[in-house]
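Undergrad: Sequence plus predicted model, see below.
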Amino acid sequence: MAYIFRGTNRDIDVPEKCGTRAGHAAHFTAGTKPCSPCNEAHSAYMRDWRRNKKIQMRTSCGTYAGYMRHKRAEGYPCEYCLRAYAEYMAEYRANRKLVA
């Protein structure tokens, strides 16, 4: 059975959802430019998401993964993650000497 393209759903009622994050997505689905209330709702959602994401990242402090998360999110790792990174690199260098 072959795939049949049915097109996109362009008959979405965007004004009904305006001012919400769903409305922001509905604008793109409908092929229209998002209005300012939808942009503000999306921006507020993303701000909260980023803030919560940074808090969650700190739960793995003291590991190499925690160090990398600090570097990606903030740029400045905490003391515990710096120590974990130093230990990881020391072990990495020692293992490379054994192989070579």
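TA: Arrived safely.

Undergrad: neighbouring contacts of the strand or helix carrying Ala44?
TA: Ala44 is part of helix 36-57 when elements are defined by DSSP states H and E. Here helix 36-57 makes contact (Cβ atoms under 8 Å, 6 or more residues apart in numbering) with 17-21, 23-24, 27, 34, 66, 69-70, 73-74. For the C-beta atoms, the positions are set from N, CA and C on the backbone; glycine is no exception.

Undergrad: Give the residue spans of the chain that score low on pLDDT.
TA: Within the chain, the stretches with pLDDT under 70 are 1-15, 52-59, 100.

Undergrad: Which parts of it are helices?
TA: Remark: helices assigned in the chain by DSSP state H are 14-17, 21-30, 36-57, 64-73, 79-99.

Undergrad: quick one: Cys81 from Arg51, how far?
TA: Applying Cβ to Cβ, to the nearest Å, the value for Cys81 to Arg51 is 20 Å.

Undergrad: Tally up the residues packed near His27, please.
TA: His27 has 20 neighbouring residues, counting by other Cβ atoms under 10 Å.

Undergrad: please renumber so the chain begins at 612
TA: Shifting the count to begin at 612 puts that one at His638.

Undergrad: my guess is it contacts Arg632, does it?
TA: No - assessed by Cβ atoms under 8 Å, His638 is found out of contact with Arg632, at 10.9 Å.

Undergrad: where does Glu685 fall, phi/psi-wise?
TA: When read as degrees, to the nearest 10, the backbone of Glu685 gives phi -120, psi -30.

Undergrad: What's the local residue count around it?
TA: Neighbour tally, Glu685, other Cβ under 10 Å: 12.

Undergrad: burial measure for Gly677, as a count.
TA: When counting by other Cβ under 10 Å, one arrives at 20 neighbours for Gly677.
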